[in-house]
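Peer 1: Sequence plus the predicted model coming up.
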Number of protein chains: 2
Amino acid sequence: MSDRSDLECQPVEPRQRQSAESRREEAVEAVIQLANEHSPEGITTQAIASCIGITQGALFRHFPDKTAIWRTVFDWLGTHLGRIADAAIAYGGTPLEMLERLFNAQVAFVADHPGVPRILFHELQRPEGSPLQMLARNIVGGYRERLKSLIRQAKQAGELPLALDEEAAAVLLISTVQGLVVQSTLFSGALDMREAAQRIFPILLDGFRGVQS
Amino acid sequence: MSDRSDLECQPVEPRQRQSAESRREEAVEAVIQLANEHSPEGITTQAIASCIGITQGALFRHFPDKTAIWRTVFDWLGTHLGRIADAAIAYGGTPLEMLERLFNAQVAFVADHPGVPRILFHELQRPEGSPLQMLARNIVGGYRERLKSLIRQAKQAGELPLALDEEAAAVLLISTVQGLVVQSTLFSGALDMREAAQRIFPILLDGFRGVQS
DNA sequence: CTGCTAAGATAGTAATCAATTACTATCTTA
DNA sequence: TAAGATAGTAATTGATTACTATCTTAGCAG
């Protein structure tokens, strides 16, 4: 809030002429990277431009609007997160194995891109029904439906008790990802998120199985 | 992002002269209320001033700086959250009863002030060690230590297994509060946060108790 | 009734924001 | 090789940001 160091990004590249498509992809990466240190509302077009090594005005050669940049970012997030989930489920195994694999895959992705949950949850938390919020809702909601489906399959396979609240369990898994980000900063990044996930997931799984009374 | 409706707050009061102390308290309430719709980085001094019914310049009669406003907000949060935790623990009962009461008290507070987790977690997620981040770390870290202490007591009382990972369990409880905020927006506020907490907490508790093998 | 003080209004400031302009460099291709 | 398309720069726009200087007046002590 005070330093204003401009070395937030490395445009140290040899400054070459790039295609519009390439620049759009670079812009998306820049936004996700900038989200590690700044709130979405604090990410400026100047910062994005500096991050990819072009001037601020040149950014508007590739995007008609700043909101268009955010739309592209959300599209990118939607497809990538969906692809990760597809891969984790397509690998097969028991429903509970798929559930754990999906959870670990999401944790690994967030560990590589810590700004992602910030982007999604920021847009989710605002009341107004902006188009961006609909995209965020679809992404997180879709992830939640996949989780619920796996939990339902685990029930049918006898891996989880039928009395388990599917919706509550799914939301618990989602919020755990966000919780891991908080934990990693609370521990000053001393603990790897993937390692912390290994400690937390068994507790959640026991909770899903319930108490054998 | 586009409407710019100024009716974010209601300064409909009869516009009376107030003491500086009173205005400072109003400013804190205004910030916490504005955090329901905006990210902390998006809360402007103009919005705060409009919210309490004075001009933007008049705000700087009571605060030397904008960071001073945030310091006051964090102080307010620290004392209030600490007071809530003290009350929940002082009420007595078994460690597990105190744990559930503390959890419910925090959920009730967050349900009344949805912007609070946003403020705390926003400051936690940024890497630089700003003075505000130290305050946020103390608040959340202190809450985590209280949770760990209760879990430890529950272990000694035989209410929880000794093998339980205290740290992971405490962080899981903290992130659940944040998860409840996400859930309430994902459900379009159709579900009360307090009610959702009643569904999620038993799952967590079962997870803490572990699987009786 | 009279000053004095502090709360607030009014009206500025420089800096930064998103966005647009006029213009230039570079690549492609007819 | 010349023409058009594309990617880029530099400068500037009006709006908004945090912050400040000057003026006004409410409210209280004497």
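Peer 2: That came through, no problem. Numbering: from 1, shown residues only, chains lettered A, B, ... in the order given.
Peer 1: By mean pLDDT, point me to the weakest helix or strand of chain A.
Peer 2: helix A:166-186 (a mean of 85; mean pLDDT, DSSP states H and E).
Peer 1: Which elements pack onto that helix?
Peer 2: helix A:95-112, helix A:115-125, helix A:131-156, helix A:193-209, helix B:115-125, helix B:131-156, helix B:166-186, helix B:193-209 (3 or more Cβ pairs under 8 Å, 6 or more residues apart in numbering or on different chains; DSSP states H and E). Glycine gets a C-beta too; all of them are placed from N, C-alpha and C.
Peer 1: Ok, which of those helices comes nearest DNA strand C?
Peer 2: Using Cβ to the nearest atom of the strand as the criterion, the shortest distance between DNA strand C and the helices and strands packed on helix A:166-186 is 13.5 Å, found for helix A:131-156.
Peer 1: So for the closest one, mean pLDDT?
Peer 2: Regarding helix A:131-156, the rounded mean pLDDT is 94.
Peer 1: quick revisit: can you get me the centre-to-centre distance for the least confident helix or strand of chain A and its chain?
Peer 2: Using Cα atoms, centre = their mean, to the nearest Å, we find the averaged C-alpha position of helix A:166-186 to lie 12 Å away from the chain's own average C-alpha position.
Peer 1: pretty sure A:Cys51 contacts A:Ala35?
Peer 2: No - taking contacts as Cβ atoms under 8 Å, A:Cys51 lies outside contact range of A:Ala35: 11.4 Å.
Peer 1: between those two, who's got more neighbours?
Peer 2: Set A:Cys51 next to A:Ala35 and count neighbours by other Cβ atoms under 10 Å in any protein chain shown: A:Ala35 wins out with 23 against 20.
Peer 1: From DNA strand D, how far out is the more buried one?
Peer 2: Computed as Cβ to the nearest atom of the strand, to the nearest Å, the A:Ala35 to DNA strand D distance reads 20 Å.
Peer 1: Could you tell me which residues make contact with that residue?
Peer 2: With Cβ atoms under 8 Å, 6 or more residues apart in numbering or on different chains as the criterion, the residues that contact A:Ala35 are A:Ile43, A:Gly115, A:Val116, A:Arg118, A:Ile119.
Peer 1: Output those of those also counted as contacts of chain B.
Peer 2: With the criterion set as Cβ under 8 Å from any Cβ of the partner chain, the members of these near chain B are A:Arg118.
Peer 1: coming back round to it: in the least confident helix or strand of chain A, what counts as buried?
Peer 2: Along helix A:166-186, the positions that meet the burial threshold by neighbour count (16 or more other Cβ atoms under 10 Å in any protein chain shown) are A:166-186.
Peer 1: okay, the helices and strands packed on helix A:166-186 in CSV with distance to DNA strand D next?
Peer 2: Formatted as CSV, the entries for the helices and strands packed on helix A:166-186 read as follows, by distance: least, Cβ to the nearest atom of the strand, whole Å:
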stretch, distance to DNA strand D
helix A:95-112, 26
helix A:115-125, 17
helix A:131-156, 19
helix A:193-209, 32
helix B:115-125, 15
helix B:131-156, 13
helix B:166-186, 23
helix B:193-209, 29
